[in-house]
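> Build me a model from this:
(chains A and B)
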Amino acid sequence: MAKQFQAPVVEQIYTLNLGPQHPSTHGVLRVLLDLDGEFIVKADPVIGYGHRGHEKMGENRTYKQFMPNSSRMDYLSGLLFNHGFALAVEKLCDIDVPLRARYIRVICSELNRISSHLLWFGTYVMDLGGFTPFLYCFDDRENILDILDRVSGSRLTYSYCRFGGVTRDIDTEFISMTRDFIKRLRGRWPEYHNLVTKNIIFIHRTRDVGVITPELARQFGVTGPNLRACGVKYDMRKIEPYEVYERFKFNVPIGFNGDALDRYKVRLEEMEQSCRIIEQALDDLPDGPVINESVPYKVKPPKGEVYFAFESARGLTAYYLLSDGSHYPYRCHIRVPSFSNLHVLTQVLKGTLVADAISILGSIDVVIPEIDR
Amino acid sequence: MAKRMRKNEEIAEKIRAVVSEDAICFDDAYRAGVIFSAQVPMDKLRDVMSACAEAGYFLETITGLDFEDTAELVYHLNCYEPGSRIAVRVLCDQEGTAPTVIDIYPSASWLEREVHDFYGIRFSDNPDMRPLLLPEDADYHPLRKTFGKVHAYRKREDIYG
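Take a look at the predicted model:
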């Protein structure tokens, strides 16, 4: 009988390409994983596949022409980016905005934030193997898209804000649709909690997985729900209130452990807080014009610079505009939250299992076109 | 508010200890979105950043600027509590080298790579200078005012006066 062949045992580090085409990366992201068995030794995210040069485009367009670009960076919360850009230019040029327009902007921004979180919720649970919540979320999200479509004319890449206001006024139909939606979404929470939050498989896949400590978050500049999940109460809407956010009562939900489960809970609670803001804004919506008619067609800011920071769905986002006194910005830099949130993965993924890498990557909630710009 | 003022004074004191008195320019109206900006010489940059890190600041972003006569790096720093943003600015040669801060702020690793991509400014002692957002074989620096379509190429004092 022939001797059975036995391959020699060689211990070696195995390099695995996660992506660039992988359902769990939510975009064109490649992560180079060095594996020792099932454990990750080193993770190196490779980004830039979707680099379009928005910052260069910004320098070559007038302020108004850059407006549609702003919502194409983070396409899931486009209106928030659009809103932020309008605010940055208004600050640079000292443009007054009518109160009604400010309220409408807040309502639409918060609706957009909910839709972004809902999409994250659905896809994250799907990454972990549960398909049903995905359909529920997209059903809910569809309502928001309909509402925003009615008022802004687009479903995803909104260009609704203008310097000095918004393009068009909201009507009673918008208000009743929004109120109906909030009522419907509140009715969904028990369902979501029964389906996902209390699900033992989900809890095992997320608890103590991908822990980010506050110190690690500070070193890497992590912001948004990822930072709040480690217990730091940091929200630009509270710290540097912009627009009319200081008029509304809302809480900043925080977590304790900074693991994937906390990030999930923080985002779910944030949706409820957004609902509260929308309700208050609808209750005391003032009358009046929705756009400042005195704003010139081509704005021409004085020489100077502005760094305007606001809270997008993923964290601290900022526009840095440097004006040389002409119609075109001399420099247009965008600080995007996902950039820093993804960078922290190089530390968080070390020593975890490959299966957990998917869970962690999902829980961080990155949007790749936003990182690549 | 009082807490914020104290924190601002504290960090301003620390920076003044490293650089000269008149390097700090306060902006009480918060017009540019920062409490103050500190113009720092290149060789003091690491000391200033260390002082900020000790005070609990995190690095928000690094912005490169290209002027006709010089390039400039703007570091925006912020802290969680009580939340006050500062800017540290350093002038740099267009083809020059700036000191890295990755040992003080690990987040700077990607930010410095991004600046190198777009402006070609090198960071000494940063071991990883591969292109981040540009293709692997990119040998151009697209945000330089000598690349592609450009509207204006100005001297620094034209804008900052």
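
> give me phi/psi at A:Ile170?
Phi and psi for A:Ile170, reported as degrees, to the nearest 10, are phi -90, psi 160.

> which residues touch it?
A:104, A:107, A:151 (Cβ atoms under 8 Å, 6 or more residues apart in numbering or on different chains). In short, each C-beta sits where N, CA and C put it, glycine included.

> how about a cut-off of 10 Å?
Counting by Cβ atoms under 10 Å, 6 or more residues apart in numbering or on different chains, A:Ile170 touches A:100, A:103-104, A:107-108, A:147, A:150-151, A:177-178, A:282, A:285, A:290.

> what's the answer for A:Leu111, then?
Contacts of A:Leu111 by Cβ under 10 Å, 6+ apart are A:79, A:143-145, A:147-148, A:151, A:178, A:181-182, A:274-275, A:277-278.

> How about B:Arg154?
Listed by Cβ under 10 Å, 6+ apart, the contact partners of B:Arg154 are A:303, A:324-326, A:330, B:66-69, B:145.

> ok, back up a step: the contacts of A:Ile170 into TSV, with extra columns for distance to A:Glu270?
Putting the contacts of A:Ile170 into TSV (distance: Cβ to Cβ, whole Å) gives the following:
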residue	distance to A:Glu270
A:Arg100	26
A:Tyr103	20
A:Ile104	21
A:Ile107	16
A:Cys108	17
A:Ile147	19
A:Arg150	24
A:Val151	23
A:Met177	22
A:Thr178	18
A:Leu282	19
A:Leu285	22
A:Val290	27
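
> Please type out the ChimeraX selection for whichever of those residues turn out to be buried.
Selection of buried members from those for ChimeraX, criterion 16 or more other Cβ atoms under 10 Å in any protein chain shown:
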select /A:100,103,104,107,108,147,151,177,178,282,290
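
> Please save the CA atoms from stretch A:174-185 in CSV.
Extracted C-alpha coordinates of stretch A:174-185, given in CSV (Å, rounded to 0.1, in the frame of the first residue of the first chain):
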residue,chain,number,x,y,z
PHE,A,174,-46.2,67.9,2.2
ILE,A,175,-47.0,68.6,5.8
SER,A,176,-49.7,66.0,6.0
MET,A,177,-47.5,63.4,4.2
THR,A,178,-44.6,64.1,6.6
ARG,A,179,-46.9,63.8,9.7
ASP,A,180,-48.3,60.5,8.3
PHE,A,181,-44.8,59.2,7.7
ILE,A,182,-43.6,60.0,11.3
LYS,A,183,-46.7,58.3,12.7
ARG,A,184,-46.0,55.3,10.5
LEU,A,185,-42.3,55.2,11.4
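
> Show me which residues of the stretch 151-300 of chain A sit near chain B.
With Cβ under 10 Å from any Cβ of the partner chain as the criterion, the stretch 151-300 of chain A comes near chain B at residues A:214-223, A:227, A:232-236, A:238-240.

> out of these, which are buried?
A:216-223, A:227, A:232, A:234-236, A:239-240.

> Just the ones in strands from those, please.
Among these, no residue falls in strands (DSSP state E).

> all strands for the stretch 1-150 of chain A, in order.
Secondary structure of the stretch 1-150 of chain A by DSSP state E, counting those that start in this stretch: the strands cover A:14-18, A:30-36, A:39-46.

> swap in chain B?
Ranges of strands in chain B, per DSSP E, are B:24-26, B:36-39, B:58-66, B:71-78, B:86-92, B:97-99, B:122-124.

> what residues does the second one touch?
In this structure, residues lying in contact with strand B:36-39 by Cβ under 10 Å, 6+ apart are A:305, A:307, B:8, B:11-12, B:15-16, B:18-20, B:22-28, B:44, B:48, B:52, B:72, B:74-77, B:84-91, B:160.

> Can you give the strand pairings for it, parallel or anti for each?
strand B:24-26 (antiparallel), strand B:86-92 (parallel) (DSSP bridges).

> Report the contact partners of residue 85.
In the absence of a named chain, chain A is used. Here A:Phe85 is in contact with A:58, A:63, A:66-67, A:69-71, A:73, A:159, A:161, A:163, A:308, A:310, A:317, A:319, A:321, A:332, A:334 (criterion: Cβ under 10 Å, 6+ apart).

> hmm, I had chain B in mind actually
A:239-240, A:307, A:309, A:316, A:318, B:30, B:32-37, B:57, B:60, B:76-79.

> do B:Glu136 as well
Here B:Glu136 is in contact with A:46, A:48, B:130 (Cβ under 10 Å, 6+ apart).

> out of those, which are buried?
Among the contacts of B:Glu136, those classed as buried by 16+ other Cβ under 10 Å are A:46, A:48.

> Burial check on the closest residue to A:Gly78 other than its chain neighbours, number of neighbours?
Excluding the flanking residues, the one nearest A:Gly78 by Cβ to Cβ, 6 or more residues apart in numbering or on different chains is A:Ser71, at 3.2 Å. Here the count is done by other Cβ atoms under 10 Å in any protein chain shown, and A:Ser71 has 25 residues near it.

> And A:Ser294, by the same measure?
Neighbour number of A:Ser294 under other Cβ under 10 Å is 8.

> What sits closest to it if chain neighbours are left out?
Closest to A:Ser294 by Cβ to Cβ, 6+ apart is A:Gly164, at 7.6 Å.

> Go ahead and confirm that neighbour touches A:Arg105.
No: applying Cβ atoms under 10 Å as the test, A:Gly164 and A:Arg105 come out as separate, 11.3 Å apart.

> Can you pull the residues that touch both of these two?
Listed contacts common to A:Gly164 and A:Arg105 are A:86, A:97, A:290; contacts here mean Cβ under 10 Å, 6+ apart.

> In helices only, show me the residues you listed.
Within those, residues falling in helices by DSSP state H are A:Ala86.

> okay, the shared contacts of A:Gly164 and A:Arg105 in TSV with pLDDT next?
Output for those, formatted as TSV (pLDDT from 0 to 100):
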residue	pLDDT
A:Ala86	92
A:Val97	91
A:Val290	89
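
> Stretch A:179-189: how far from the chain's middle?
22 Å (Cα atoms, centre = their mean, to the nearest Å).

> Of all the residues in it, which ones are buried?
A:181-182, A:185, A:188.

> Equivalent analysis for stretch B:26-45, please.
B:32-40, B:44-45.

> same thing with stretch B:59-78?
Buried residues in stretch B:59-78 (16+ other Cβ under 10 Å): B:59-67, B:71-78.

> what does stretch A:268-279 give?
Going by 16+ other Cβ under 10 Å, stretch A:268-279 has these buried residues: A:268-275, A:277-279.

> report the longest helix in chain B, please.
In chain B, taking DSSP H as the definition, the longest helix is helix B:2-18.

> Give me the residues contacting it.
Residues outside helix B:2-18 that contact it (Cβ under 10 Å, 6+ apart) are A:239, B:22-24, B:26, B:28, B:35-36, B:38, B:40-41, B:44-52, B:54-57, B:77, B:79, B:81-84, B:86, B:88.

> Go again with 8 Å.
Helix B:2-18 is touched from outside by B:23-24, B:26, B:35-36, B:38, B:40, B:44, B:47-48, B:51-52, B:54-55, B:57, B:79, B:82-84, B:86, B:88, with contacts defined as Cβ under 8 Å, 6+ apart.

> ditto for stretch A:269-284
A:103, A:106-107, A:110-111, A:113-114, A:117-118, A:175, A:178-179, A:182, A:185-186, A:189, A:225, A:244-245, A:247-253.
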